[in-house]
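Asks: just coords:
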């Protein structure tokens, strides 16, 4: 998506430790008008897959997921990272190792919101090693729902999490794939 | 908002311990088409306040905030609850006591995304005692921005957090105010 690549080049910042900071429009401050363009692109890519539910993970996936779900005119379900008083009853759950935080946490989705007959599009902001997506895919499997595919805004191609999922036959669409980035020069190179 | 009250009565569930469960459309599964109606109502209520930024808190505020920010054609900023590698540099921060979790946590917003000249509408899903809103108001104060007001989807009127804020001169608009609820009968009574 050319508009996204331009936005990453003009507003993104590369930091030491494999960090591409895009918190000015994607995951702290959200450019909600731009998010609509992102959502339309995901709709274009997955509109023929029979999607009836969008699944994402808190927190930064929610902004994108909300816009995407509105395009598909279907509900968004977001996986929670901590067990709260307000998530009672049976849940699907699986551990996820966080690349960002260096910890492992459990994600969970209430069984009431996902099950047989659902066709699920998983949406997230970033795809690197793919741990969060694999956790969400595991939740879909547990529920008996069918996976339509995964859509992520920015993929770090050089970490190959997306390629591994594609090699397993999963439809993975990333709107921008970063092939190289250099925190010393600030250079970002996209996959064609 | 009549549509919201109907939805709470038909889909909400009352549980012991002051819990109004609306996770089927508001804070676990999100009805994104309905969220657009919510957003339009907040826009109607605050459109003359000169709002140029929406502020909310992760996680469930993000879905509503995204839709509201799109109506106002302005950015959404969401306060984060934990310090991550990806939030570098100076932040505004304040402690918030969580009614839901029974703990105190710090919320933070990067100084880059809020400051003098901003006019901020705070959006959240629930208003009970008002701790989360007060935390967000404190962040706005620290930043030097001006507060346009607070919009919440459901207010638990009998906990009086909203009334206290209104008495302090803050414009607080809740789309449904629950005056009474009974977990034995399931009855929910709204404020007129």
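Replies: Looks like it arrived, so ask away. Nothing here was measured: the structure is a model prediction, and the numbers come from that model.
Asks: which other residues reach whichever strand or helix holds residue A:4?
Replies: Applying DSSP states H and E as the criterion places residue A:4 in helix A:2-11. Contacts made with helix A:2-11 from outside it, assessed by C-beta atoms under 8 Å, 6 or more residues apart in numbering or on different chains, are listed as A:20, A:22, A:24-25, A:34, A:37-38, A:153-154, A:175-176, A:178, A:188, A:190. Using the backbone N, CA and C atoms, a C-beta is placed for each residue, glycine as well.
Asks: Could you do stretch A:133-145 as well?
Replies: If you take C-beta under 8 Å, 6+ apart as the criterion, stretch A:133-145 is touched by A:53, A:55-57, A:79, A:92-96, A:107-109, A:111, A:114-120, A:122, A:124, A:127, A:146-147, A:150, A:152, A:161, A:165, A:170, A:172.
Asks: just to revisit the earlier point, so which bits of the helix holding residue A:4 are buried?
Replies: The neighbour-count check on helix A:2-11 (16 or more other C-beta atoms under 10 Å in any protein chain shown) flags A:4-5, A:7-8 as buried.
Asks: Which secondary structure element is home to the nearest residue to residue A:80 once chain neighbours are set aside?
Replies: Nearest residue to residue A:80 in three dimensions, chain neighbours excluded: residue A:108, at 5.6 Å (C-beta to C-beta, 6 or more residues apart in numbering or on different chains). With elements delineated by DSSP H and E, residue A:108 resides in strand A:103-110, which encompasses its position.
Asks: and that strand, which residues are buried?
Replies: By 16+ other C-beta under 10 Å, the buried positions in strand A:103-110 come out as A:107-110.
Asks: State the three-state secondary structure for residue A:152.
Replies: The three-state label for residue A:152, taken from DSSP: H, G, I helix; E, B strand; the rest coil, comes out as strand.
Asks: what do you get for the one 10 residues further on?
Replies: Put simply, residue A:162 is helix when judged by three-state DSSP.
Asks: Tell me how many other residues crowd it.
Replies: Residue A:162: 24 surrounding residues under other C-beta atoms under 10 Å in any protein chain shown.
Asks: Now for it: which residues touch it?
Replies: A:127, A:130, A:152, A:155, A:172, A:174, A:177.
Asks: Closest to residue B:75 out of those residues?
Replies: Distance ranking of the contacts of residue A:162 against residue B:75, using C-beta to C-beta, places residue A:152 first at 21.5 Å.
Asks: right, and that closest one touches residue A:127 too?
Replies: Yes - distance between residue A:152 and residue A:127: 4.0 Å, which falls inside the contact criterion (C-beta atoms under 8 Å).
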